[in-house]
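Student: Everything below, folded, please.
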Amino acid sequence: MIATWRGSWFEEGSRLFYIVPQSFLSTNLPLSINPAPGKTVRVFVGRLELVTPATEQAVREILAAHDIVGLQKYARFLDPILAKMEAEDPAHAKQIGADLDQTYRTPATHGGN
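Tutor: Residues are numbered from 1 along each chain as shown. Predicted coordinates for the structure are as follows:
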């Protein structure tokens, strides 16, 4: 299973993997098979993205350098990372937004300027 999902599970950042409890599956995702099999086993793996202080620092440095290539490493998780950073440090939210805007206006080379 890990080999199948390697491309999307192991991107830049930190995450927690867990086995979804069977009781949750039965309640929220009931399964009905007709005719009923002798035995059914379902295993769901959950993934929770963790925004660590190290991730925040890395994103701050990438934004300060206007490094679009570096920023792209965080791809689909960038919005929640930035939202967390802004929520934790409202005084710097405008600066984060300005750095983000400048990064997207900087030529796509590593290191920006």
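Student: ok, and what's touching stretch 36-44?
Tutor: With contact meaning C-beta atoms under 8 Å, 6 or more residues apart in numbering, stretch 36-44 is reached by Ile19, Val20, Gln22, Leu25, Leu29, Leu31, Ile33. In this view, the C-beta of every residue, glycine as well, is placed from N, C-alpha and C.
Student: Help me confirm that the fourth one is found in a helix?
Tutor: What it means is Leu25. Yes - applying DSSP: H, G, I helix; E, B strand; the rest coil, one finds Leu25 inside a helix.
Student: give the contact list for the residue of the chain most remote from its centre.
Tutor: Distance from the centre of the chain peaks at Pro35, with 39.7 Å (C-alpha atoms, centre = their mean). Listed by C-beta under 8 Å, 6+ apart, Pro35 has no contact partners.
Student: so how far is Ile81 from it?
Tutor: 48 Å (C-beta to C-beta, to the nearest Å).
Student: Repeat that for Ile96.
Tutor: Counting by C-beta to C-beta, the gap from Ile96 to Ile81 is 10 Å.
Student: and what of Gln102?
Tutor: From Gln102 over to Ile81 (counting by C-beta to C-beta), the distance is 17 Å.
Student: cool, and Leu29?
Tutor: Going from Leu29 to Ile81 by C-beta to C-beta gives 29 Å.
Student: For those two, indicate the residue with more neighbours.
Tutor: Legend: neighbour count by other C-beta atoms under 10 Å for Leu29 and Ile81, higher for Ile81 (18 against 10).
Student: The helix or strand harbouring that one: which residues count as buried?
Tutor: Assigned by DSSP states H and E, Ile81 belongs to helix 78-88. Neighbour-count burial for helix 78-88, counted by 16 or more other C-beta atoms under 10 Å, picks out Leu78, Ile81, Leu82, Met85, Glu86.
Student: same check, this time on stretch 49-67
Tutor: Val51, Thr55, Glu56, Ala58, Val59, Arg60, Ile62, Leu63, Ala65, His66, Asp67.
Student: For the first one, give me its contacts.
Tutor: Shown in contact with Val51 (C-beta under 8 Å, 6+ apart): Gly13, Ser14, Pro80, Ile81, Lys84, Met85.
Student: Perfect, I'm done here.
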